[in-house]
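J.: I'll drop the sequence and a predicted model, then ask my questions.
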Amino acid sequence: MSFKRKHLLGLEGVSEEEISHLLDTAESFKEVLDRPIPKVPTLRGTTIVNLFFESSTRTRFSFELAEKRLSADTINFSTSASSVKKGESLRDTAQNIEAMRVDMVVIRHSAAGAPHFLTRCVKGAVINAGDGCHEHPTQALLDMMTLREKFGQLKDLRVAIVGDILHSRVARSNIYGLTTMGADVALCAPTTLIPVEAEKWPVKIMHNVDDAIAWADVVMVLRIQLERQQANFFPSLREYHNYFGITRERLERAKKEVTIMHPGPINRGVEIESILADSEFSVILDQVTNGVAVRMAVLYLLNEEK
Ligand code: CP
């Protein structure tokens, strides 16, 4: 079995076999990262551009590190230091960079569908590093890798995704990925932060966070994305925290072990209590570590299909 795709644009429609193969490959690259010299020549001669039209810490640095660990040549683009500031379009930016003989493009953009558009403008492989409120496939893959490491398998695992589902590309990719892998997924948020299309997804919808914690093996906490919110979806951050904030006290009340995840960046004291984010329940930094191995696997497998 191999991953026979030219691009990685999202996890919608990606099969269980393909996801398993991606995760198995990421596990083998994690072993490389534990070596004294954590580098392999796999992508020597391959040139990759990282096009980040939106800010990023984890995704951008882990793609850059993954590319270096695979011995690829890389170019890093950020809007503030580019000719986008002078009005150049996405299409012209990408085609000019490709004219310098680039093989793969990693793109983060505030517009949903920007990576899909790019596949029609460039010949190389395109990897979605987060497009608007649509998908963030490598985040969901690293989340699934972290859960598979901890629980052995994803089938029948109960994952409650709590927070701003409406604006979350992480939620969408995880819903597609986790349900394909046989996990049970619940969404928990105020009604205003659950998208209408959620009725069509194979997920439970909850509005009481204590019920969600009581049900779940894993709580995936999502950031309140104030920068994407056009309207007031809840009265105040304090009120949101009181009703939906994940706290140690809530976990203790539920009297059960629950694994806490968060894709970052964290709003400490809003969607999650600060001490809980740093507690023994949290696998947040394991997620970040696995991000490098997952991105190495994606780059390697797409390069095989070039
Ligand atoms: N999880 C995530 O996408 O983080 P960054 O925005 O820092 O890349």
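T.: That came through, no problem. Predicted model only: the values in this text are computed from it and were never measured.
J.: which residues touch Arg91?
T.: Contact analysis of Arg91 by CB atoms under 8 Å, 6 or more residues apart in numbering lists Phe117, Cys121. All C-beta atoms are positioned from the backbone trio N, CA, C, and that covers glycine.
J.: Let me know the helix or strand that it is in.
T.: In this structure, Arg91 sits in helix 90-98 according to DSSP states H and E.
J.: what about that helix, average pLDDT?
T.: For helix 90-98, the mean per-residue pLDDT is 90.
J.: cool, and stretch 184-201?
T.: Averaged over stretch 184-201, pLDDT sits at 96.
J.: With stretch 65-81 instead?
T.: 93.
J.: Tell me which residues of that stretch come out buried.
T.: Buried residues in stretch 65-81, counted by 16 or more other CB atoms under 10 Å: Leu65, Ala66, Glu67, Lys68, Arg69, Leu70, Ala72, Asp73, Thr74, Phe77, Thr79.
J.: how long is it end to end?
T.: Using CA to CA, to the nearest Å, the end-to-end distance of stretch 65-81 comes to 21 Å.
J.: List the contacts of Ile260.
T.: Counting by CB under 8 Å, 6+ apart, Ile260 has contacts Val218, Val219, Val221, Ile246, Ile272, Leu276, Ala277, Ser279, Phe281, Ser282, Val283, Ile284.
J.: what do you get if the cut-off is 6 Å, keeping everything else the same?
T.: For Ile260, the contact set (CB atoms under 6 Å, 6 or more residues apart in numbering) comprises Val219, Phe281, Ser282.
J.: And those, which of them are buried?
T.: Val219, Phe281, Ser282.
J.: ok, the first one touching Ala160?
T.: By that I understand Val219. Yes: counting by CB atoms under 6 Å, Val219 touches Ala160, with 5.1 Å between them.
J.: Could you check how far the helix or strand bottoming out on mean pLDDT in the chain is from the centre of its chain?
T.: In the chain, the helix or strand scored least confidently by mean pLDDT, DSSP states H and E is helix 90-98, which has a mean of 90. Relative to its chain's centre, helix 90-98 lies at 25 Å (CA atoms, centre = their mean, to the nearest Å).
J.: Ok, stretch 239-253 next?
T.: Relative to the centre of its chain, stretch 239-253 is centred 24 Å away, using CA atoms, centre = their mean.
J.: cool, stretch 251-271 as well?
T.: Taking mean C-alpha positions (CA atoms, centre = their mean), stretch 251-271 and its chain are 17 Å apart.
J.: what about it, average pLDDT?
T.: Stretch 251-271 comes out at a mean pLDDT of 95.
J.: Between the two ends of that stretch, how far is it?
T.: Where stretch 251-271 begins and where it ends lie 14 Å apart, using CA to CA.
J.: next one: stretch 87-105
T.: OK, stretch 87-105 end separation, CA to CA: 21 Å.
J.: and if you look at stretch 204-223?
T.: 20 Å.
J.: Pull the residues that contact that stretch.
T.: With contacts defined as CB under 6 Å, 6+ apart, stretch 204-223 is touched by 157-164, 168, 186-188, 244, 246, 250, 254, 258-262, 267, 271-272.
J.: At the contact with the ligand, which residues of this protein appear?
T.: Taking CB under 6 Å from any ligand atom as the contact definition, the chain meets the ligand at Ser56, Thr57, Arg58, Thr59, Arg60, Gly130, Gln139, Pro263, Gly264, Pro265.
J.: among those residues, which two are most distant?
T.: Greatest spatial distance among these (CB to CB): Arg60 and Pro263, at 13.7 Å.
J.: So if I had to pick from those two, which one is more boxed in?
T.: Higher neighbour count among Arg60 and Pro263: Pro263, with 27 against 19, using other CB atoms under 10 Å.
J.: about what we covered before: which one of the residues of the chain next to the ligand is nearest Asn50?
T.: The closest of the residues of the chain next to the ligand to Asn50 turns out to be Arg60 (CB to CB; 6.4 Å).
J.: Name the helix or strand for the closest one, please.
T.: helix 58-69.
J.: After that helix, heading C-terminal, what element do we hit next?
T.: On the C-terminal side of helix 58-69, the nearest following helix or strand under DSSP H and E is strand 73-78.
J.: Give me the nearest residue to Ser274, chain neighbours excluded.
T.: Leaving out its chain neighbours, the residue that sits closest to Ser274 by CB to CB, 6 or more residues apart in numbering is Arg268, at 4.1 Å.
J.: The one you found and Val258: what is the separation?
T.: 19 Å (CB to CB, to the nearest Å).
J.: Compute the distance between the closest residue to Glu135 other than its chain neighbours and Lys123, please.
T.: Once flanking residues are discounted, Glu135 sits nearest to Gly10: 3.7 Å by CB to CB, 6+ apart. To Lys123, Gly10 is 21 Å away according to CB to CB.
J.: what do you get for Phe151?
T.: 40 Å.
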